[in-house]
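Asker: need the 3D shape of this:
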Amino acid sequence: MTERTSAALPTLFTALFMLAVWQALASLTQGLFVFAGPAEVLRAIIADAPLLLGAAGITLKSAAIGFVLGNAVAILLATIALAVPRIERLVSGVALIFFCLPFVATGPILRVIYGVGDGPQIVLAALATYYTTYLCLLVGLRSMPASWLDLVRSYGRGRIGEIVHVRAAASFPYLTAGLQIGAPAAFLGAMVGEFTGAERGLGVLSIRAMRGLDVDMTWAIAALAATISALAFWLFGWLGRSLGAEPAPLLLSAGRQNLPRPKVESVVRSVGTFGILTVIVLALWLGVMHVLNLSPFFAKRPQDVFVFLVTDPAASANRAVLIEAFSQTLSLILPGYLAGLGLGAGLATMLVLRPRLATGMLPIAIALRSIPIVTTAPLFVLALGRGAVGTIVIVAVMIFFPTLAACLEGMRRTPQPVLDLFASYATSPWQRLIHAQVPAMLPAFFASARMAVPAAFLSATTAEWLATGTGIGSLMALTASTSNYAMLWSSIALIAAAASLLYTAVHWLERRILKTFASEQLAL
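Answerer: Next up is the predicted model:
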């Protein structure tokens, strides 16, 4: 047996086990319109292969265009942030806010702007892609020894030579990692765009299958979409390895370590940055409306939202409706978010004690994380009910698999000399795990925790939009269909602000903990 074959056996056994569990669940729930087993899914794919492949090609085209545009924007933003360090926080803040825009609301607005074409699919694919690439690339552009830069300068090369000959090469593994993460996200964004009124694509087929309770077709679409997303993930990984990109030492670390500042100065600077960021976002909001000459009927300006929530005679009632819906959603997001992170990190720490089992689990986790939430959310709600449990499970599942993959990869980055030192003292696997591998995992865990914030809002609002009929996701869908655009734009602003604040809180906690357990990761 070759080494490659031996390494593939755990993955094969895990895949067979997952298929067996899948088939068992389908058999136990037969007649409940919840699960379709692998055999039924395969038959559905074969029976409607021309239809499914044609729709997949349409969705893939929109996702590919959005993927290219989103990554081009990410490269531009990372270059600007690197070239002008003083505005890095502002660039990152604006990029984060746009990344946190809820697809449930932005999709219908884009549909009004673009009509029945591919515009919404492409824009949502780009929005789903650019931020992860931006973060990865920004870290990579700084991930080289200072001696490299000194060597370039000693030969008289300027800033351009430094970027081309040193920083670009150092950032390539990180760029590859960003492309891997962004590829499945772009496909999901394109499918969500198709949900808002497209004429063709997998998203359109998903709507028809779910409305007709065609469980076999729904699972066939989910399986096909997951396969395409997983193949895209592995394709960019293979491409990076073929071009000589070593795995990134750490993905999405917290950023540069700044020199210590007095607390008062730090608070003043933070407040100033927040104020400037707010002005920039409002200016961009107004600027886009003006440049595109969008109708005030559906394209509400900041002042329209202010009037709707503050000065209008019905403002108190408007606020009450918005706050009640948002509170319902937030009460489901937080437990689902924490459960997904806890389960992902907990299972990763267990699997690291059984490396062969972990080898089999990681590819399966990558495949499962690629299943679009828009196809599985209604099925989860149908199986678990329209109450809180269904939405919490959807949020947890959306976060669980990326966290598992990130934490496993983080523990694999434990420096070998550290492991050798523990081995020389004949320590137990548990001691090695607690004192070496878990601290090494923390940067990857917090990176996943930050990226999980927008994912949690996306999964919760998508479930409310498609299945539960409660919370702010349902409110946004209702207001879009009834042309209550003031409430829709107010919901967008509230979700974007809340997601950004939660992301910032996780980032603050990350820096405090890494300062103690992995301070070297802050010195990028």
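Asker: how about the nearest residue to C100, chain neighbours excluded?
Answerer: Closest residue in space to C100, ignoring its immediate chain neighbours: A499 at 3.7 Å, by Cβ to Cβ, 6 or more residues apart in numbering. C-beta: built from backbone N, CA, C; applies to glycine.
Asker: in what helix or strand does the one you found lie?
Answerer: Taking DSSP states H and E as the criterion, A499 maps to helix 485-517.
Asker: list the buried residues of that helix.
Answerer: By neighbour count on 16 or more other Cβ atoms under 10 Å, the buried set for helix 485-517 is 485-496, 498-500, 502-504, 506-507, 510-511, 513-514.
Asker: check stretch 277-295 too.
Answerer: Neighbour-count burial for stretch 277-295, counted by 16+ other Cβ under 10 Å, picks out L277, I280, V281, W285, M289, L294.
Asker: now find how far off-centre stretch 430-444 is within its chain.
Answerer: Remark: stretch 430-444 is offset 24 Å from the chain centroid, using Cα atoms, centre = their mean, to the nearest Å.
Asker: and that stretch, what's its mean pLDDT?
Answerer: Averaging pLDDT along stretch 430-444 gives 83.
Asker: only C-alpha atoms, please: export that stretch in PDB.
Answerer: Taking Å, rounded to 0.1, in the frame of the first residue of the first chain, the C-alpha atoms of stretch 430-444 are listed here in PDB:
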ATOM      1  CA  TRP A 430      -3.300  15.900  27.200                       C
ATOM      2  CA  GLN A 431      -0.500  18.000  28.700                       C
ATOM      3  CA  ARG A 432       0.900  18.600  25.200                       C
ATOM      4  CA  LEU A 433      -2.600  19.600  24.000                       C
ATOM      5  CA  ILE A 434      -3.300  22.000  26.900                       C
ATOM      6  CA  HIS A 435       0.100  23.700  27.100                       C
ATOM      7  CA  ALA A 436       1.200  23.800  23.500                       C
ATOM      8  CA  GLN A 437      -1.400  22.900  20.900                       C
ATOM      9  CA  VAL A 438      -4.400  24.900  22.300                       C
ATOM     10  CA  PRO A 439      -2.300  28.100  22.600                       C
ATOM     11  CA  ALA A 440      -1.100  27.600  19.000                       C
ATOM     12  CA  MET A 441      -4.800  27.100  18.000                       C
ATOM     13  CA  LEU A 442      -6.000  30.400  19.500                       C
ATOM     14  CA  PRO A 443      -5.100  32.700  16.600                       C
ATOM     15  CA  ALA A 444      -6.900  30.500  14.200                       C
END
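Asker: heads up, I number from 52, so please use that
Answerer: Right, with 52 as the first residue, what we last looked at is stretch 481-495.
Asker: buried residues, it. List them.
Answerer: Residues of stretch 481-495 classed as buried: R483, L484, A487, Q488, V489, P490, A491, M492, L493, P494, A495 (neighbour count, 16+ other Cβ under 10 Å).
Asker: nearest to R437, out of the residues you listed: which one, please.
Answerer: Checking the buried residues of stretch 481-495 against R437 by Cβ to Cβ gives A495 as the nearest, at 35.0 Å.
Asker: what strand or helix carries the closest one?
Answerer: Assigned by DSSP H and E, A495 falls within helix 489-514.
Asker: from the middle of its chain, how far away would whichever helix or strand comes after that helix be?
Answerer: Later in the chain than helix 489-514, the nearest helix or strand by DSSP H and E is helix 522-532. Mean C-alpha position of helix 522-532 versus that of the full chain (Cα atoms, centre = their mean) differs by 22 Å.
Asker: ditto for stretch 173-180
Answerer: 12 Å.
Asker: circling back: looking at the buried residues of stretch 481-495, which is nearest S113?
Answerer: A495 (31.1 Å).
Asker: separation between that closest one and A146?
Answerer: Taking Cβ to Cβ, to the nearest Å as the measure, A495 falls 21 Å from A146.
Asker: closest to L389 out of the buried residues of stretch 328-346?
Answerer: For the buried residues of stretch 328-346, the nearest to L389 is L328 (27.4 Å; Cβ to Cβ).
Asker: before we move on, which element is that closest one in?
Answerer: Assigned by DSSP H and E, L328 belongs to helix 314-343.
Asker: helices and strands around that helix, which ones?
Answerer: Under the contact definition 3 or more Cβ pairs under 8 Å, 6 or more residues apart in numbering; DSSP states H and E, helix 314-343 sits against helix 139-150, helix 353-357.
Asker: list the buried residues of the shortest one.
Answerer: Pointing back at helix 353-357 there. D355, V356.
Asker: hmm, who's touching that helix?
Answerer: The contact list for helix 353-357 (Cβ atoms under 8 Å, 6 or more residues apart in numbering) reads L333, W336, L337, P347, A537, W540, S541, A544.
Asker: what's the helix or strand following it packed up against?
Answerer: Note on helix 353-357: by DSSP H and E, the next helix or strand toward the C-terminus is helix 366-402. In this structure, helix 366-402 packs against helix 406-420, helix 439-463, helix 489-514, helix 522-532, helix 536-568, with contacts taken as 3+ Cβ pairs under 8 Å, 6+ apart.
Asker: mean pLDDT for the helices and strands packed on helix 314-343: which is lowest?
Answerer: Among the helices and strands packed on helix 314-343, helix 139-150 has the lowest mean pLDDT, at a mean of 87.
Asker: leaving out chain neighbours, which residue sits closest to F348?
Answerer: Leaving out its chain neighbours, the residue that sits closest to F348 by Cβ to Cβ, 6+ apart is Y536, at 7.0 Å.
Asker: before I go, just wanted to say thanks for your time.
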